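> Sequence and predicted structure below; questions after.
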Amino acid sequence: MSLPVVSPVPGRVTPMAEVPDPVFAQSMVGPGVAVLPSGGRQDALSPVDGTVVTLHPHAFVVATGAGQGVLVHLGIDTVKQKGEGFTLHVVKGESVRAGQPLISWDPDAVAAAGYSPVVPVVALDVEATALSGLPDGGDIAAGEQLFSWD
């Protein structure tokens, strides 16, 4: 059964190869796609139904009941912000639904601090061939399907 993965943020779809971090750009963590978020304070949404298994102010992983984990990283090198400007709405271990707000943040503030606000959305522990419908550009709304995990 195919798992729909929704965009955690609104913005412009960007190929993972264009993310300014080699770990993401070379898909070392896993395949996926990135979203260059539109500006202003906003919520980052859960990409799938599941459980929050990893939670930092700047990144999270939600794992489905079937064990499929999706990593969302809010900006590049944003760990250096030590949580400043990020507001958590959930706790580790919490069950969440796709489209549920997990973290509030401001991509403009991330850019103003000198970091890239691009948001990689990564399918963990899977080959790229397991993903379908990966867009290669265009605008996307938060909560709109980004790709399928087959």
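All right, it came through fine.

> Which residues are in contact with residue 38?
Counting by C-beta atoms under 8 Å, 6 or more residues apart in numbering, residue 38 makes contact with 9, 10, 11, 12, 107. Bear in mind the C-beta positions are built from the backbone N, C-alpha and C, glycine included.

> from those, which two are the most distant?
Using C-beta to C-beta, these span at most 11.6 Å, a distance reached by 12 and 107.

> residue boundaries of the strands in the chain?
3-6, 11-14, 32-37, 42-45, 50-56, 59-63, 69-73, 87-88, 95-96, 101-105, 119-123, 131-132, 139-140, 145-149 (DSSP state E).

> Would you mind putting those into TSV with mean neighbour count and distance to residue 21 alongside?
Putting the strands of the chain into TSV (neighbours: other C-beta atoms under 10 Å; distance: least, C-beta to C-beta, whole Å) gives the following:
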stretch	mean neighbour count	distance to residue 21
strand 3-6	20	20
strand 11-14	18	12
strand 32-37	25	10
strand 42-45	21	18
strand 50-56	17	16
strand 59-63	22	12
strand 69-73	23	9
strand 87-88	14	23
strand 95-96	16	26
strand 101-105	20	18
strand 119-123	25	8
strand 131-132	15	20
strand 139-140	17	21
strand 145-149	19	19
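
> quick one: which of those is nearest residue 22?
strand 119-123 (12.0 Å).

> measure the nearest residue to residue 80 once chain neighbours are set aside to residue 30 for me?
Excluding its sequence neighbours, the residue lying closest to residue 80 (C-beta to C-beta, 6 or more residues apart in numbering) is residue 115, at 7.3 Å. Between residue 115 and residue 30 the distance is 22 Å, computed by C-beta to C-beta, to the nearest Å.

> same question, residue 130
For residue 130 relative to residue 30 (C-beta to C-beta), the value is 10 Å.

> picking up where we left off before, mind putting the strands of the chain into a markdown table with mean pLDDT and distance to residue 20?
Below are the strands of the chain laid out as a markdown table (pLDDT from 0 to 100; distance: least, C-beta to C-beta, whole Å):
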| stretch | mean pLDDT | distance to residue 20 |
| --- | --- | --- |
| strand 3-6 | 98 | 22 |
| strand 11-14 | 97 | 10 |
| strand 32-37 | 97 | 10 |
| strand 42-45 | 98 | 19 |
| strand 50-56 | 98 | 19 |
| strand 59-63 | 98 | 16 |
| strand 69-73 | 98 | 12 |
| strand 87-88 | 98 | 25 |
| strand 95-96 | 98 | 29 |
| strand 101-105 | 98 | 18 |
| strand 119-123 | 98 | 11 |
| strand 131-132 | 96 | 22 |
| strand 139-140 | 97 | 20 |
| strand 145-149 | 97 | 20 |
